[in-house]
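Student: quick one, structure for this:
(one chain, ligands or ions: 1)
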Amino acid sequence: MRILFVGDIFGRPGRTIVQERVPDLIRDRNIDLAIANAENAAGGFGLTPQIAEELFDLGFDALTTGNHIWDKKEIIEYFNSVERNPGSPARKIVRPANYPVGTPGFGWYEGRTHGGREFSGVPFAVINLQGRVFMANNDDPFRTADEILKKLEAKVILVDIHAEATSEKVALAWYLEGRVTAVLGTHTHIPTADEHILPGGTAAQTDVGMSGPYASVIGVQKDLIVQRFLSNMPSRFEPATEDVRLCGAIIDCDSETGRATKIERIMIREHD
Ligand SMILES: [Fe+2]
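Tutor: Alright, predicted model coming up:
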């Protein structure tokens, strides 16, 4: 079966290219399971329930996030609503699992692939973890992964490691080798050219890159960020608009064992 993972959807430019390209990508590339990181889909900061549901309508089966998931406050009530309504699409959004106990939301999701696709009804799981190097002081993402894996029944398991440091992401991929289908990095918004299959059958890429405007500093208007570095003064960050690209990875795996057999890095430019 084939998995599409789309990297950090950034603001309206990111949402637009995703809307324009993902339905065709799912159809033309025979995607059985589609997942995206959407932590910055709302104006470059956070995620709203409405935007999440628009992404589900495009064909995504689950969404991962990261440190910016709390930027739009309504997401907290959306997560909390799952207790009253377990069938809510909010349950298909995961936030980093290694936040403190009691944090709103869920760190992993288990579901089955969509009907109508070639491999439908296949159990899958998505785990979201956040790095600790140059980031908030969360629980250990390595041991958090161990604990979650004990609870999962699915064999097809995708891990989004949302982290700054390449070393931490590469180490996590080796740590989870043979136990999950893919360990894919997000957060830096810069795609890395190291996609490969580890010998144990785990696909890995240190960062799949942003889906958003690349004529920017990681999505934000470049002049604002340059000025920030020059002055150290706080300033408002606005999403950039130019050179929009959709970045991510496509992974082939065995639907029964979850072992990955192939990973392809993708970058689609707006005028391609
Ligand atoms: Fe992030």
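Student: tell me the buried residues in the lowest-mean-pLDDT helix or strand in the chain?
Tutor: The helix or strand of the chain with the poorest confidence is helix 222-231; it has a mean of 95 (mean pLDDT, DSSP states H and E). Buried residues in helix 222-231, counted by 16 or more other C-beta atoms under 10 Å: Ile225. Any C-beta I mention is one placed from the backbone N, CA and C, and that applies to glycine too.
Student: who's in contact with the residue lying farthest from the centre of the chain?
Tutor: Most distant from the centre of the chain: Ser231, at 32.5 Å, with distances by C-alpha atoms, centre = their mean. Not one residue lies near Ser231 by C-beta atoms under 8 Å, 6 or more residues apart in numbering.
Student: now the one 10 residues further on
Tutor: Each residue near Thr241 by C-beta under 8 Å, 6+ apart is listed here: 13, 213.
Student: what about it, is that helix, strand or coil?
Tutor: Put simply, Thr241 is coil when judged by DSSP: H, G, I helix; E, B strand; the rest coil.
Student: number the residues from 5 up from this point.
Tutor: From this message on, residue numbering opens at 5, which makes the last subject Thr245.
Student: what about the strands in the chain?
Tutor: Using DSSP state E, the strands found in the chain span residues 6-10, 37-41, 66-68, 112-116, 127-134, 160-166, 186-190, 200-202, 206-209, 216-217, 248-257, 264-273.
Student: just put those strands in JSON lines and tack on mean neighbour count.
Tutor: Formatted as JSON lines, those follow (neighbours: other C-beta atoms under 10 Å):
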{"stretch": "strand 6-10", "mean neighbour count": "26"}
{"stretch": "strand 37-41", "mean neighbour count": "27"}
{"stretch": "strand 66-68", "mean neighbour count": "29"}
{"stretch": "strand 112-116", "mean neighbour count": "18"}
{"stretch": "strand 127-134", "mean neighbour count": "26"}
{"stretch": "strand 160-166", "mean neighbour count": "28"}
{"stretch": "strand 186-190", "mean neighbour count": "30"}
{"stretch": "strand 200-202", "mean neighbour count": "16"}
{"stretch": "strand 206-209", "mean neighbour count": "27"}
{"stretch": "strand 216-217", "mean neighbour count": "30"}
{"stretch": "strand 248-257", "mean neighbour count": "25"}
{"stretch": "strand 264-273", "mean neighbour count": "17"}
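Student: so which of these gets nearest the ion?
Tutor: The ion sits nearest to strand 160-166 of all the strands of the chain, at 5.6 Å, using C-beta to the ion.
Student: list the buried residues in stretch 8-25.
Tutor: Residues of stretch 8-25 classed as buried by neighbour count (16+ other C-beta under 10 Å): 8-22, 25.
Student: about what we covered before: and the least confident helix or strand of the chain, how far out from the chain middle?
Tutor: Here helix 226-235 shows a centroid-to-chain-centroid distance of 27 Å under the convention C-alpha atoms, centre = their mean, to the nearest Å.
Student: find the closest residue to the ion in the stretch 5-154 of the chain.
Tutor: As assessed by C-beta to the ion, the ion sits closest to Gly70 within the stretch 5-154 of the chain, at 3.8 Å.
Student: before we move on, the earlier item: with mean pLDDT and distance to Glu57 added, can I get the strands of the chain in TSV?
Tutor: Shown next, in TSV, are the strands of the chain (pLDDT from 0 to 100; distance: least, C-beta to C-beta, whole Å):
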stretch	mean pLDDT	distance to Glu57
strand 6-10	98	16
strand 37-41	98	13
strand 66-68	98	10
strand 112-116	98	15
strand 127-134	98	17
strand 160-166	98	20
strand 186-190	98	21
strand 200-202	98	34
strand 206-209	98	28
strand 216-217	98	20
strand 248-257	98	20
strand 264-273	98	24
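Student: export those strands to CSV and append columns for distance to Leu59.
Tutor: Listed next are those as CSV, based on distance: least, C-beta to C-beta, whole Å:
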stretch, distance to Leu59
strand 6-10, 9
strand 37-41, 6
strand 66-68, 6
strand 112-116, 14
strand 127-134, 14
strand 160-166, 15
strand 186-190, 15
strand 200-202, 28
strand 206-209, 21
strand 216-217, 14
strand 248-257, 13
strand 264-273, 17
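Student: mind putting those into TSV with distance to the ion?
Tutor: Shown next, in TSV, are these (distance: least, C-beta to the ion, whole Å):
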stretch	distance to the ion
strand 6-10	15
strand 37-41	8
strand 66-68	11
strand 112-116	18
strand 127-134	8
strand 160-166	6
strand 186-190	7
strand 200-202	24
strand 206-209	16
strand 216-217	12
strand 248-257	15
strand 264-273	19
